[in-house]
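Novice: Pasted the sequence and its predicted model underneath.
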Protein chains: 2
Amino acid sequence: MAREVTVSIDAMGGDAGPGIVVAALVRSLERQPGTLFLLHGDEAVLAPLLAKSPKLKTRVTLRHAPERVTMADKPSQIVRRGQNTSMWRAIECVKKGEADVAVSAGNTGALMAMSLLQLRTIEGISRPAIASIWPTMKGRTVVLDVGANVTATAEQLVDFAVMGEAFAHAVLNLERPIVGLLNVGSEEMKGNDAVKGAAQILRTSKLPIAFHGFVEGNDITEGLVDVVVTDGFTGNIALKTAEGAAKLVARYLSLALRRSLLGMIGAFFARGALNALRRNLDPRASAGGIFLGLNGVVVKAHGGTDAIGFAGALDMAINMAQADINARITRDRSIIDPVLEQAVLT
Amino acid sequence: MAREVTVSIDAMGGDAGPGIVVAALVRSLERQPGTLFLLHGDEAVLAPLLAKSPKLKTRVTLRHAPERVTMADKPSQIVRRGQNTSMWRAIECVKKGEADVAVSAGNTGALMAMSLLQLRTIEGISRPAIASIWPTMKGRTVVLDVGANVTATAEQLVDFAVMGEAFAHAVLNLERPIVGLLNVGSEEMKGNDAVKGAAQILRTSKLPIAFHGFVEGNDITEGLVDVVVTDGFTGNIALKTAEGAAKLVARYLSLALRRSLLGMIGAFFARGALNALRRNLDPRASAGGIFLGLNGVVVKAHGGTDAIGFAGALDMAINMAQADINARITRDRSIIDPVLEQAVLT
């Protein structure tokens, strides 16, 4: 049986406000009735919302936080003076052991800065990463980093490989996830120094990771590997470019169908199928970003999410808490250490 | 009236072989009857193909080349011993002034290495770039570099901005193309040192370029700007990831329509619209990659292209030859020089 999990939530993040967060709690509890929630935010706003859902009474504890992080706040500044925000408090409960995992739909940069400051990275991991789950031709693929860092050394890319593999093992339930390094070609000689260095470490180390080698951009959605490793600059741009391309195709489809009477008739008959396509492409269907490499689990829901999307992020958080992926990361990281030292020496 | 252009063609590149190249010549001549072609490749193969199309007789000159570049050839090696290949000879005609532009569907790395060695970069431009044209919500956007270099300094990104702007002006017929720098966020403080440095130069220089600032991955297909500047590592991955995402959506659509009887009926009525969508997404519809920054124009057709795609690359090449974009690049580059020197000194 899955163990009882406590989720600490920043109720004031996201574009849609706390209403969708409370609605998401109701949804999530229907699926995982054993969960406990600590809800951080403005009591005057949250108490009336909670009062409308009596089912939540025994499962949700309201914790007043007088301030909130806005999308305009600069991470470097808010991290220093944001101790009274709902976001800080949500993470603080994970740090203190009161909760297993924190969830927020707020400012990504601020959430990462506050998480890093309070939870610190796992021993041996120099930088955290943000993982995202992509739909593919074959199922799902984990891509990381999609934005925690704008650069990554060879060693940091190897850390991301370890973290992504542990995540895919625990959350996608893959016994032995296959890991690829994102590059401009699949041949060994291609790429910049960081990816070539990381590939060499992954090939020569005794890490218990199934390393495929290099993969290209189109291999992500092909589902060629289970985990795609890249730096946060490239990963963030790849993620947003893919979302843009998918949106463009959907738009072309819509325009093409509207252009003729037969197209409109076809769209009428196929409306069920087209709605299914729309659901498949909805970014709210994914859980947002998962912060890996910290002493504690933090999940970032999409800023523009609704109750369905936020409930998906809660499900992901509960999954993560039950899986305890950090033990696997720590184990792998201890294996890689001697290899890295050797690489640095030579 | 458009002036007569001579196009030098590597007939032995591409997966489909010289048959599609000759078929593309026929198509291209119908659209641009004044064009002259120099066709490089194996005479024993090409002569019989040309004999079948008498219309080509007065417009095409066959130039025998005993060897060819294969996809397996490493650029660094073939560039040294490849002087007898059809690819080398095609570029050589541009160098010698016998042709205005070269076109090949062969090995991209080899084509870039041979072009760089024979044509050299424009005075002041340190590295060439490969530009590609993307369909967007509003029309078309030029993205560069998509693979000539795996890294780029701030100064090189500025060069790419100058080259992309000149290209968009000449080929997309935009009086004052708007240029954006691809980044992980639109705020000034975001990004790595190269993009931040390039943004500073573009903001402070007297360059006659309409600089928008930073753009994100999804802004490319939104058509927010006319030219998107990035390094070849990120650009190549963004391009291939977008192609993969578009393919995935098309696949979802196909699966969704097949899942129900109503979906199939709908697809039957909408088949005209769906075929139009398919054509819109066909990578052959784009011209492939355009090499910028060299003393001469080289166009790379897609390796997997057919006669329609290769004819598109020929059209692009003829356009480029008529536009003379290098004059604009040289002018802009002479303006940027003092700014760059100042940036280096401070």
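Specialist: Happy to help now that I have it. Since this is a predicted model, take the numbers as computed values, not measurements.
Novice: Confirm residue A:16 sits in a helix?
Specialist: No: Residue A:16: not assigned to a helix; according to DSSP: H, G, I helix; E, B strand; the rest coil it is coil.
Novice: Quick one: name the residues of the stretch 101-250 of chain A near chain B.
Specialist: Within the stretch 101-250 of chain A, the positions near chain B by CB under 8 Å from any CB of the partner chain are A:135-137, A:147, A:150-151, A:182-184, A:189-192, A:216-222, A:230, A:232-234, A:236-250. No exception for glycine: its C-beta is placed from N, CA and C like everyone else's.
Novice: among these, which ones are buried?
Specialist: Among those, those classed as buried by 16 or more other CB atoms under 10 Å in any protein chain shown are A:135-136, A:147, A:150, A:182-184, A:190-192, A:216-222, A:230, A:232-234, A:236-250.
Novice: among these, which are in strands?
Specialist: The strands, defined by DSSP state E, take in A:135, A:182 from those.
Novice: Following element in sequence after the lengthiest helix in chain A, please.
Specialist: When chain A is parsed with DSSP state H, its longest helix is helix A:232-258. Downstream of helix A:232-258, the next assigned helix or strand under DSSP states H and E is helix A:261-269.
Novice: is that next one anywhere near chain B?
Specialist: Yes: interface with chain B: helix A:261-269 contributes A:262-263, A:265-269 (CB under 8 Å from any CB).
Novice: What is the nearest of these to residue A:106?
Specialist: Of all those, residue A:267 has the smallest distance to residue A:106: 37.9 Å, by CB to CB.
Novice: And the residue nearest to that closest one when sequence neighbours are not counted, how close does it get to residue A:263?
Specialist: Nearest residue to residue A:267 in three dimensions, chain neighbours excluded: residue A:257, at 4.3 Å (CB to CB, 6 or more residues apart in numbering or on different chains). Residue A:257 sits 4 Å away from residue A:263, going by CB to CB, to the nearest Å.
Novice: any residues in contact with both of those two?
Specialist: B:270, B:273 (CB atoms under 8 Å, 6 or more residues apart in numbering or on different chains).
Novice: mind listing what the residue nearest to residue A:267 touches?
Specialist: A:263-264, A:266-267, B:270, B:273.
Novice: Just the buried residues out of the residues you listed, in PyMOL syntax.
Specialist: Per 16+ other CB under 10 Å, the buried members of those correspond to this PyMOL selection:
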select buried, (chain A and resi 263+266+267) or (chain B and resi 270+273)
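Novice: Would you mind listing the buried residues in the host helix or strand of residue A:317?
Specialist: Using DSSP H and E, residue A:317 sits within helix A:307-323. Neighbour counts using 16+ other CB under 10 Å place A:307, A:309-323 of helix A:307-323 among the buried residues.
Novice: Make JSON lines out of the contacts of residue A:257 and add distance to residue B:176.
Specialist: Formatted as JSON lines, the contacts of residue A:257 follow (distance: CB to CB, whole Å):
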{"residue": "A:263", "distance to residue B:176": "37"}
{"residue": "A:264", "distance to residue B:176": "39"}
{"residue": "A:266", "distance to residue B:176": "41"}
{"residue": "A:267", "distance to residue B:176": "39"}
{"residue": "B:270", "distance to residue B:176": "40"}
{"residue": "B:273", "distance to residue B:176": "35"}
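Novice: I'd like to know which of the contacts of residue A:257 is nearest to residue A:329.
Specialist: Once CB to CB is applied, the member of the contacts of residue A:257 that ends up nearest residue A:329 is residue A:267, at 47.5 Å.
Novice: Where does pLDDT dip in chain A?
Specialist: Along chain A, the model assigns pLDDT under 70 to residues A:1-3, A:277, A:279-287, A:336-346.
Novice: Out of all residues in it, which is the farthest from the middle?
Specialist: residue A:261 (42.6 Å; CA atoms, centre = their mean).
Novice: what's residue A:162 in contact with, if anything?
Specialist: A:207, A:209, A:329, A:332-333, A:336.
Novice: For it, which non-adjacent residue is closest in space?
Specialist: Among residues not flanking residue A:162 along the chain, residue A:332 sits closest, at 4.3 Å (CB to CB, 6+ apart).
Novice: Do I have it right that that neighbour meets residue A:164?
Specialist: No: in this structure, residue A:332 is not within contact of residue A:164 by CB atoms under 8 Å, at 10.8 Å.
Novice: Looking at those two, which one has more neighbours?
Specialist: residue A:164 (28 against 21; other CB atoms under 10 Å in any protein chain shown).
Novice: Name the SS class of the more buried one, please.
Specialist: Strictly by three-state DSSP, residue A:164 counts as helix.
Novice: Excluding covalently adjacent residues, which one is nearest to it?
Specialist: Residue A:164's closest residue in space is residue A:227 (CB to CB, 6+ apart), at 4.0 Å.
Novice: tell me the contacts of that neighbour?
Specialist: Counted by CB under 8 Å, 6+ apart, residue A:227 has contacts A:141-144, A:161, A:164-165, A:167-168, A:177-180.
Novice: Just among these, which is most surrounded?
Specialist: residue A:144 (31 neighbours).
Novice: ok, now how distant is residue A:153 from residue A:29?
Specialist: 43 Å.
Novice: Over to residue A:260?
Specialist: Where residue A:29 is concerned, residue A:260 sits at a distance of 48 Å (CB to CB).
Novice: The two: who's more crowded?
Specialist: Taking other CB under 10 Å, residue A:260 and residue A:29 do not tie; residue A:29 has more neighbours (21 against 15).
Novice: Surely the more buried one and residue A:35 touch.
Specialist: Yes: counting by CB under 8 Å, residue A:29 touches residue A:35, with 6.4 Å between them.
Novice: burial of the closest residue to residue A:292 other than its chain neighbours, as a residue count?
Specialist: Residue nearest to residue A:292 in three dimensions, not counting chain neighbours: residue A:163, with 4.2 Å by CB to CB, 6+ apart. Residue A:163: 31 surrounding residues under other CB under 10 Å.
Novice: now residue A:44
Specialist: Each residue near residue A:44 was counted by other CB under 10 Å, and the total is 8.
Novice: again with the one 10 residues further on
Specialist: Counted with other CB under 10 Å, the burial measure for residue A:54 works out to 8 neighbours.
Novice: Might you name the residue of the stretch 1-150 of chain A sitting closest to chain B?
Specialist: residue A:150 (4.5 Å; CB to the nearest CB).
Novice: Quick check: that residue touching residue A:233?
Specialist: Yes: the pair residue A:150 / residue A:233 is scored as a contact, 4.8 Å apart, by CB under 8 Å.
Novice: shared neighbours, those two?
Specialist: By the contact definition CB under 8 Å, 6+ apart, residue A:150 and residue A:233 are jointly contacted by B:184, B:191-192.
Novice: Among the residues you listed, which one sits closest to residue B:119?
Specialist: For the shared contacts of residue A:150 and residue A:233, the nearest to residue B:119 is residue B:192 (30.4 Å; CB to CB).
Novice: so which of the shared contacts of residue A:150 and residue A:233 are also by chain A?
Specialist: Counting by CB under 8 Å from any CB, the members of the shared contacts of residue A:150 and residue A:233 near chain A are B:184, B:191-192.
Novice: As TSV, those residues with distance to residue B:90 would be great.
Specialist: Below are these laid out as TSV (distance: CB to CB, whole Å):
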residue	distance to residue B:90
B:184	39
B:191	39
B:192	37
